[in-house]
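*Asks:* Sequence and computational prediction follow.
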Amino acid sequence: MNRIVGLTETLSDWMAGISAVMLALMTLLILVEILLWNTLSKTTLIADEYSAYGLAAIIFMGAGYCLKEKGHIRITLILSLLPRRLAATITFAATAVTTAFMGYLWWYLFKMVQSTIRYGSTSGTLTQTPLWIPQTLMLAGAACFLIQLAGTTVKTFAAIGTGEEVV
């Protein structure tokens, strides 16, 4: 079990690294856009579109790492008033429900990407970017978040016996 959880955490670390690279590239693209506009009155015509795609991708790709590092917002006031075992049981139930919901979301993201590929959908901008490209990045990030949630669910289940705080 610890090995599986360790693999999910390693995957989340990798996705966070990819997110960081994407954020750096988005920053560079925006800086180039600003520089071109202010010095040559020219534009890349893609900075806003590709930055939006990048933002969607890094949100999904960074979600697993954020969960692993306990960065998601939680209201723990009620849990702190409960006995540790009961709090761990409630945390497990909440994490399991969240994992199920994320699985449902992932399935519909998958179907969206399938549909986009089937119909050859492109963006309505000058670039006519095939939409399956940014959608696939979102899908990959959502899959990694789902895997991290599953690993966290396993950890929270194990914590019922120990009373350890996992999330």
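*Replies:* Here it is on my side, so go on. Residues are numbered from 1 along each chain as shown.

*Asks:* Which residue ranges of this protein form strands?
*Replies:* Counting by DSSP state E, one finds no strands in the chain.

*Asks:* residue farthest from the centroid of it?
*Replies:* residue 40 (37.1 Å; C-alpha atoms, centre = their mean).

*Asks:* From residue 48, how far out is that one?
*Replies:* 18 Å (C-beta to C-beta, to the nearest Å). Yep, even glycine has a C-beta here, placed from its N, CA and C like the rest.

*Asks:* which residues does the residue positioned nearest the centre of the chain contact?
*Replies:* In the chain, the residue lying closest to the centroid (C-alpha atoms, centre = their mean) is residue 60, at 2.2 Å. With contact taken as C-beta atoms under 8 Å, 6 or more residues apart in numbering, residue 60 is in contact with 137, 138, 139, 140, 141, 142, 145.

*Asks:* and if you look at residue 159?
*Replies:* 88, 91, 92, 165, 166.

*Asks:* rerun that using 7 Å as the cut-off
*Replies:* 88, 166 (C-beta atoms under 7 Å, 6 or more residues apart in numbering).

*Asks:* Distance of residue 22 relative to residue 120?
*Replies:* 25 Å.

*Asks:* which of the two has more neighbours?
*Replies:* More neighbours surround residue 22 than the other of residue 22 and residue 120, with 18 against 9 (other C-beta atoms under 10 Å).

*Asks:* Wait, the more buried one touches residue 55, no?
*Replies:* No - look at residue 22 against residue 55 with C-beta atoms under 7 Å: they stay out of range, at 9.0 Å.

*Asks:* And the lowest-mean-pLDDT helix or strand in the chain, what does it pack against?
*Replies:* One helix or strand of the chain scores below all others by mean pLDDT, DSSP states H and E: helix 77-81, with a mean of 85. Counting contacts by 3 or more C-beta pairs under 7 Å, 6 or more residues apart in numbering; DSSP states H and E, helix 77-81 is packed against helix 84-119.
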